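> make a model of this:
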Amino acid sequence: MEFPDLGAHCSEPSCQRLDFLPLKCDACSGIFCADHVAYAQHHCGSAYQKDIQVPVCPLCNVPVPVARGEPPDRAVGEHIDRDCRSDPAQQKRKIFTNKCERAGCRQREMMKLTCERCSRNFCIKHRHPLDHDCSGEGHPTSRAG
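Numbers count the residues shown, from 1 in each chain. Down below sits the predicted model:
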């Protein structure tokens, strides 16, 4: 043989073909023949680092941005937990639905805290008549005083 060091064997276990023009995978650094150099052909475990694609949320069909080198499954999972606008994801987050009716307060509570005098709903901070300028019957007084 004239050139004993020329070429390399394909790293795909089912192939092992001696290729005189081998190609190196830029994700896993394996040596492959032309048939197995694609990420899908040799089942590359590091393909997500180089194969940049924008995954789409399966529930709301919105593209989910993924940081370089991060697995797309994790980004889609975080999107579903936080930002997804689909019905199943929204129902999971609708725990705090009782909004405080005091002007300027944006607090929401899990349970209704209704004032006995004016029958309006308030947060824990504004639930007492003195804390929300109650417009109900009688003058709000402190029970302690």
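> okay, which residue is most central for this structure?
Residue closest to the average C-alpha location in the chain (CA atoms, centre = their mean): residue 78, at 1.6 Å.
> now do the same end-to-end measure for stretch 43-52.
The first residue of stretch 43-52 is 16 Å away from its last residue (CA to CA, to the nearest Å).
> helix, strand or coil for the residue nearest to the centre of the chain?
Using DSSP: H, G, I helix; E, B strand; the rest coil, the three-state assignment for residue 78 comes out as helix.
> from residue 86, how far out is it?
15 Å (CB to CB, to the nearest Å). Any C-beta I mention is one placed from the backbone N, CA and C, and that applies to glycine too.
> give me the below-cutoff pLDDT ranges for this protein.
Along the chain, the model assigns pLDDT under 70 to residues 1-4, 51, 87-95, 138-145.
> same thing but at 80, please
Confidence mapping of the chain against pLDDT under 80 gives the ranges 1-6, 47-53, 68-70, 85-97, 135-145.
> care to break it down by domain?
Domain assignment for the chain by the TED database gives 6-50, 51-94, 97-133.
> ranges for the helices of this structure?
47-50, 72-82, 87-93 (DSSP state H).
> quick one: the longest one to chain centroid distance?
What it means is helix 72-82. 2 Å (CA atoms, centre = their mean, to the nearest Å).
> with stretch 67-86 instead?
Per CA atoms, centre = their mean, the centroid offset for stretch 67-86 relative to its chain is 3 Å.
> what lies in contact with that stretch?
48-49, 52-53, 55, 57-60, 62, 64-66, 89-90 (CB atoms under 8 Å, 6 or more residues apart in numbering).
> pull the most distant pair out of these.
Across these, the longest distance by CB to CB is 32.9 Å; it joins 49 and 90.
> let me see the ranges of the strands in this structure.
Taking DSSP state E to define them, one finds strands in the chain at 8-9, 18-19, 23-24, 31-32, 98-99, 108-109.
> many thanks, I have nothing further to ask.
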